[in-house]
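Colleague: the sequence isn't on hand, but the structure is:
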């Protein structure tokens, strides 16, 4: 048997799991009607101006800082990191490697975009070192976060796999020329048309 909880605002008995957000004493209906105070700017705002926390979705926890203050805090953090040449993820020295990330975090971000997790960042970095940070086709020097693009040797549409063996780092110009062609087809095209002046 569920014990109903009383809302301190409307004084109605409601189900604790469905009607209340986290440990709040006011129900969802009252929260949406009455303004709430941001703990950072101390201004009362509508409930829709507060972001939902994805760290505790089961509890339905809403942040006590409004969306505007959260955005400003993120912007200030990025500015400070850029001024001090620090990575915004790990606060290590970035050494002008990227605008916001150090070398390790940059490859982890690429891994997250390509594979859906950050575990393959070291493999991607090793792949770039095997290529000596040079494009396979144009022999252009590859600079991370400037002209370095990850590409499939054989496109997934043509039956290629999503493994490290099927990946390569390219320059942006080579990536745009290659499109969805396989590695062998593009090498023949380079030889026939004398692309990249090789």
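Modeller: Perfect, thanks for sending it. Since this is a predicted model, take the numbers as computed values, not measurements.

Colleague: residues contacting residue 118?
Modeller: For residue 118, the contact set (C-beta atoms under 8 Å, 6 or more residues apart in numbering) comprises 108, 109, 111, 112. Any C-beta I mention is one placed from the backbone N, CA and C, and that applies to glycine too.

Colleague: measure it to residue 131 for me?
Modeller: For residue 118, the distance to residue 131 equals 21 Å [C-beta to C-beta, to the nearest Å].

Colleague: swap in residue 93?
Modeller: From residue 93 to residue 131 the distance is 25 Å (C-beta to C-beta).

Colleague: state which helix of the protein is the longest.
Modeller: With secondary structure taken from DSSP state H, the chain has its longest helix at helix 67-83.

Colleague: what is that helix packed up against?
Modeller: If contacts are counted by 3 or more C-beta pairs under 8 Å, 6 or more residues apart in numbering; DSSP states H and E, helix 67-83 sits against strand 50-52.

Colleague: which two from the contacts of residue 118 end up farthest apart in space?
Modeller: 109 and 111 (7.2 Å; C-beta to C-beta).

Colleague: of those two, which one has the most company?
Modeller: residue 111 (20 against 17; other C-beta atoms under 10 Å).

Colleague: please name the residues that touch the more buried one.
Modeller: 117, 118, 119, 120, 121, 123, 124.

Colleague: ok, of the residues you listed, which come out buried?
Modeller: Those of the contacts of residue 111 that meet the buried threshold are 118, 120, 121, 124, by 16 or more other C-beta atoms under 10 Å.

Colleague: now, which of those lie within helices?
Modeller: Checking these against DSSP H, those in helices are 121, 124.

Colleague: now the buried ones among the contacts of residue 111 in JSON lines, with distance to residue 79 and pLDDT?
Modeller: Formatted as JSON lines, the buried ones among the contacts of residue 111 follow (distance: C-beta to C-beta, whole Å; pLDDT from 0 to 100):
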{"residue": "118", "distance to residue 79": "25", "pLDDT": "86"}
{"residue": "120", "distance to residue 79": "30", "pLDDT": "89"}
{"residue": "121", "distance to residue 79": "25", "pLDDT": "89"}
{"residue": "124", "distance to residue 79": "28", "pLDDT": "92"}
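
Colleague: ok, the buried ones among the contacts of residue 111 vs residue 11, which is closest?
Modeller: Of the buried ones among the contacts of residue 111, the one sitting nearest to residue 11 (C-beta to C-beta) turns out to be residue 118, at 48.4 Å.

Colleague: thank you, goodbye.
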